[in-house]
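J.: Provided below are the primary sequence and the corresponding predicted coordinates.
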Amino acid sequence: MRILISSLLLVCLSACSQSQKTTETQVSYLTVLHTNDNHGRFWHNKHGEYGMAARKTLIDQLRVEAEAKGHSLLLLSGGDINTGVPESDLQFAEPDFKGMSEIGYDAMAIGNHEFDNSLEVLDTQQSWANFPFLSANIFDKLTNTPRYQPYTIIKKNNLTIAVIGFTTTDTAKIANPKYVGGLVFKKPEAIAASLLSEVQQKYQPDITIAVTHMGHYADANHGVNAAGDITLARSLPKGALDIVVGGHSQEPVCMAGENKVDETFSPGKKCRPDIQNGTWIMQAHEWGKYVGKAEFKLEGDQLTLLNYALLPVNLYKQDSNGVRLKQLANEYIEPNQALKALLLPYQQRGEKQIKGNVGYVNGKLEGNRSKVRMQQVNLARLIISAQMSAVEADFGIISGGGIRDSIQAGNISYKDVLKVHPFNNRISYIDWNGQQILDYFLIVAKFPPDSGAYLQYKNISFNWKNGQILNVKIKGKPIQLNKTYRMSINSYNASGGDGYPTLTDFPAYVASEKTDAEALKNYIKKHTPLNIMDYAVDNEVTNTH
C-alpha cells in the first residue's frame, strides 16, 4: 500500500538515505483469484456449467501455474454465498461454505444476502468455513463496535497482504429488518481512511486489498443504489488501496475505456478491469461462472498489473443476443472428484426435498431481474393473486426485488417455486381505510424503476404524476376514503424491507403462518393449468415515473 507520507517524514527519509548504501529493489509477484455472488450454485446447472467441483479443478491448476512462475497466490470472494438455489437454501448454504473451504479461499466479504437468515445462522456458517468473513463497516448498534472481523493480514512467501472487508450500506434496507435491526451499516468511505492508516501502522503491508460487496457502477453513477467500489477508491488518497475485489452488482467488470464498460464482453473474450484513482477494481460476474485471475508484479513501491482474465468455468459461448450456443468457451474442465463426492449428498438431499411438479403454465412467467425492477410483470400478478387468496385481500403489493427468478412454460416444479421465493417470508395483511391507503401509496408508488423497491401491484390502479397519486381505483372502482380495504403484503416489506414504511406496529396488521412459497405453490396447484393471459399486465397499470 502506498499512502501519502507527511513532508516532514519525507525530509527525514531523504536525509537518512544519503548516508546509506543503495540496495537492490525487491521484486515480488502475486496472483489474485476471485469469484463473487455464488448464490447457492455449489452444483453445476442442467447444462453442466460452473459448479464448485469444476471450479476447484481450475483453481488447483492455477495454483500450480502460479507456483511455477514464482508467484504467491490469493483466493478471495466478493460475498453473497447465500440464496438462489433451493438445494442450497434449504441447507443454509452448508455445501457452499464447505465447498469453498475445500477449494482454499483465503477470505470473503460479507454480502447483504448473508443476512437472509438470522445472525445465529451466519455465525454457524462461519464455523463451517476455514477462512474469515470480513466487514469493517458493520457495527453492533448497542456497543458501536465491529460485529464482524474487519480485516485479515495474510503472509504469502515474502509478501504481507492486508485484506479489508466492506458491505453495502443498502443491506440495512434490503435485508430482512428482523435480522439486521441490531446492526449499523456505516459508509465505507467514512471509515476506510482511518482504518487503512491503522493497518499500515500496525503491519506495514506490501499490498492492501479491499474485498467488498458494494457493486461496481461505471464512473460512480450508482443511482438509487448505495455508493460502490469506485466511490470508495476515489474517496481515498491515490493508491491507498491497491486492489478492490468486488461483488453485488453481479456483472463482469470489463472496461472498453475510461469509465466505459465493455458491453460486448462474453465468455472467452478478453477483459480489462477498471482502474480508479490508482486502484484496480475487479468483479467476476456471478454464480462461479468465471474465476478472475490477476497477475501482479510488485517492484519496490510500484504495483503493476501484468495480465488479467475472466476464465469461464465450463460456460458455453453466446451469440450477440446472449443466446447460449453449443460450443464451450473454453476446454472442458473435469470436476474434481473428491469435492464432487463431498457435495453430492447435499445435492441429493436437496433434490429429495423439492421433488415433484405442482402445476403447469402455457407460457413464460417473467421474473428476470432486469424486468421485475423496471416494469409490471405477469409473474408478480400471479404471486400477488396467490397472496391475496391466502388472506382474502382486496388488493396486494410486493416489491420487485422480492421476485428472484422466472417460471418457464411447461411443468412447474416445487423447485421453480422456491427459486422465485427463497426467503420464507410470511404472508401478511392489513385492514385500513382509503385515506390511509392513499397516504401509504404516496410513499411506495414513488420508488423508481431499476431498484429492488420498485412496486408491483394487483387490483389497485392509479396515475402517478409530479409527486401526486391520482385516479386511484381498487378492484376497478374509485377508492372510498372511509371504506375499509384489506391489502396483502409479505412480512419483509411490512417490516420495512426495501425501504417500505413499517406496518407491523399497526393494530390492524396481521402476519399469517403461511409463507410466500407455500401460498404460491398452493395457488398453482389449485388453478393449474395456468393461462398466462389471466395474469397479463392490463391497461389499468398506469404508474409512470
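T.: Received, thanks.
J.: For the residue nearest to the spatial centre of the chain, what is the enclosing helix or strand?
T.: By CA atoms, centre = their mean, the mean C-alpha position of the chain lies nearest to residue 248, the distance being 3.7 Å. Counting by DSSP states H and E, there is no helix or strand that carries residue 248.
J.: The residue nearest to it when sequence neighbours are not counted and residue 368: what is the separation?
T.: Leaving aside its sequence neighbours, residue 248 sits nearest to residue 215 (CB to CB, 6 or more residues apart in numbering; 4.1 Å). Yep, even glycine has a C-beta here, placed from its N, CA and C like the rest. To residue 368, residue 215 is 19 Å away according to CB to CB, to the nearest Å.
J.: show me where the stretch 201-350 of the chain has strands.
T.: Applying DSSP state E, counting those that start in this stretch to the stretch 201-350 of the chain gives strands spanning 207-213, 243-245, 255-257, 260-261, 274-276, 279-282, 290-299, 302-312, 316-318, 324-328.
J.: Can you lay out those as TSV showing distance to residue 50 and mean pLDDT?
T.: Listed next are the strands of the stretch 201-350 of the chain as TSV, based on distance: least, CB to CB, whole Å; pLDDT from 0 to 100:
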stretch	distance to residue 50	mean pLDDT
strand 207-213	19	98
strand 243-245	18	98
strand 255-257	24	97
strand 260-261	22	97
strand 274-276	24	98
strand 279-282	18	98
strand 290-299	9	98
strand 302-312	9	97
strand 316-318	11	91
strand 324-328	12	92
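J.: can you redo those as CSV with mean neighbour count?
T.: Converted to CSV, the strands of the stretch 201-350 of the chain look like this (neighbours: other CB atoms under 10 Å):
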stretch, mean neighbour count
strand 207-213, 29
strand 243-245, 29
strand 255-257, 13
strand 260-261, 14
strand 274-276, 19
strand 279-282, 24
strand 290-299, 20
strand 302-312, 17
strand 316-318, 16
strand 324-328, 11
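J.: Please produce a markdown table containing these, extended by distance to residue 61.
T.: Converted to a markdown table, those look like this (distance: least, CB to CB, whole Å):
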| stretch | distance to residue 61 |
| --- | --- |
| strand 207-213 | 23 |
| strand 243-245 | 20 |
| strand 255-257 | 27 |
| strand 260-261 | 29 |
| strand 274-276 | 27 |
| strand 279-282 | 20 |
| strand 290-299 | 10 |
| strand 302-312 | 10 |
| strand 316-318 | 20 |
| strand 324-328 | 16 |
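J.: and of the ones you listed, who's closest to residue 24?
T.: Nearest to residue 24 among those is strand 290-299 (10.6 Å), distances taken as CB to CB.
J.: Quick one: neighbours of the residue nearest to residue 248, just the number.
T.: 23 (other CB atoms under 10 Å).
J.: so it makes contact with residue 228?
T.: Yes - between residue 215 and residue 228 there is a contact under CB atoms under 8 Å: 3.9 Å.
J.: Common neighbours of these two, please.
T.: Common neighbours of residue 215 and residue 228 (criterion: CB atoms under 8 Å, 6 or more residues apart in numbering): 168, 222, 246, 248, 249.
J.: Not counting sequence-adjacent ones, nearest residue to the last one?
T.: Of all residues beyond its chain neighbours, the one nearest residue 249 is residue 215 (3.7 Å), with distances taken as CB to CB, 6+ apart.
J.: re earlier: filter the shared contacts of residue 215 and residue 228 down to just the buried residues.
T.: Neighbour-count burial (16 or more other CB atoms under 10 Å) applied to the shared contacts of residue 215 and residue 228 gives 168, 222, 246, 248, 249.
J.: Output these in CSV; the columns should cover pLDDT and distance to residue 315.
T.: Converted to CSV, those look like this (pLDDT from 0 to 100; distance: CB to CB, whole Å):
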residue, pLDDT, distance to residue 315
168, 98, 27
222, 94, 28
246, 98, 20
248, 97, 21
249, 95, 19
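J.: coming back round to it: looking at the strands of the stretch 201-350 of the chain, spot the one closest to residue 130.
T.: Using CB to CB, the nearest of these to residue 130 is strand 207-213, at 16.4 Å.
J.: If you count contacts, what does that closest one end up packed against?
T.: Other helices and strands packing on strand 207-213, by 3 or more CB pairs under 8 Å, 6 or more residues apart in numbering; DSSP states H and E, are strand 72-77, strand 107-109, strand 159-167, helix 188-203, helix 229-234, strand 243-245.
J.: who wins for proximity to residue 28 among these?
T.: strand 159-167 (5.5 Å).
J.: Neighbouring strands - and their directions - for that closest one?
T.: strand 151-156 (antiparallel), strand 207-213 (parallel) (DSSP bridges).
J.: Next, the buried residues of that strand.
T.: 159, 161, 162, 163, 164, 165, 166, 167.
J.: List the buried residues of stretch 463-479.
T.: 464, 469, 472, 474, 479.
J.: ditto for stretch 109-123
T.: 109, 110, 111, 112, 113, 114, 115, 116, 117, 121, 122.
J.: show me what contacts the first one?
T.: Applying CB under 8 Å, 6+ apart, one finds that residue 109 lies in contact with 77-79, 133-135, 165-167, 211-213, 245-247.
J.: Widest-spaced pair of the residues you listed?
T.: Taking CB to CB, no two of the contacts of residue 109 sit farther apart than 133 and 246, at 15.8 Å.
J.: Test my guess that residue 411 contacts residue 362.
T.: No - here residue 411 does not reach residue 362: they are 11.2 Å apart, not a contact under CB under 8 Å.
J.: Just the helices from the stretch 401-545 of the chain, written as ranges.
T.: For the stretch 401-545 of the chain, applying DSSP state H, counting those that start in this stretch gives helices covering 414-420, 434-444, 491-494, 516-527.
J.: Let me have those in a markdown table, extended by mean neighbour count.
T.: Shown next, in a markdown table, are the helices of the stretch 401-545 of the chain (neighbours: other CB under 10 Å):
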| stretch | mean neighbour count |
| --- | --- |
| helix 414-420 | 22 |
| helix 434-444 | 17 |
| helix 491-494 | 25 |
| helix 516-527 | 20 |
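J.: Just the pLDDT for residue 424.
T.: Predicted confidence (pLDDT) for residue 424: 86.
J.: Residue 103 too?
T.: 98.
J.: How about residue 8?
T.: So, for residue 8, pLDDT stands at 32.
J.: Report the separation between residue 346 and residue 360.
T.: For residue 346, the distance to residue 360 - CB to CB - is 29 Å.
J.: Have a look at those two and say which one is more surrounded.
T.: residue 346 (21 against 13).
J.: Look up the closest residue to the more buried one, ignoring the ones flanking it.
T.: Residue 346 sits nearest to residue 95 (CB to CB, 6+ apart), 3.7 Å away.
J.: so the helix or strand hosting the one you found versus strand 290-299, what angle?
T.: Secondary-structure element containing residue 95, defined by DSSP H and E: helix 94-103. Computed by axes from the mean of the first three to the mean of the last three CA atoms, to 10 degrees, the angle separating helix 94-103 from strand 290-299 equals 30 degrees.
J.: how close does the nearest residue to residue 471 once chain neighbours are set aside get to residue 439?
T.: Closest residue to residue 471 apart from its sequence neighbours, by CB to CB, 6+ apart: residue 463 at 4.9 Å. From residue 463 across to residue 439, the span is 17 Å (CB to CB).
J.: tell me the contacts of residue 334?
T.: By CB under 8 Å, 6+ apart, the neighbours of residue 334 are 54, 57.
J.: one more time with 10 Å, if that's ok
T.: 53, 54, 57, 58, 314, 340 (CB atoms under 10 Å, 6 or more residues apart in numbering).
J.: for those, which one is nearest residue 385?
T.: Using CB to CB, residue 314 comes nearest to residue 385 of the contacts of residue 334, at 38.6 Å.
J.: wait, doesn't the closest one sit right on residue 268?
T.: No - checked against CB atoms under 10 Å, the pair residue 314 and residue 268 is beyond contact range at 11.7 Å.
J.: who's more crowded, the two?
T.: residue 314 (25 against 17).
J.: That one: what's it in contact with?
T.: 44-45, 47-51, 54-55, 57-58, 267, 289, 328-335.
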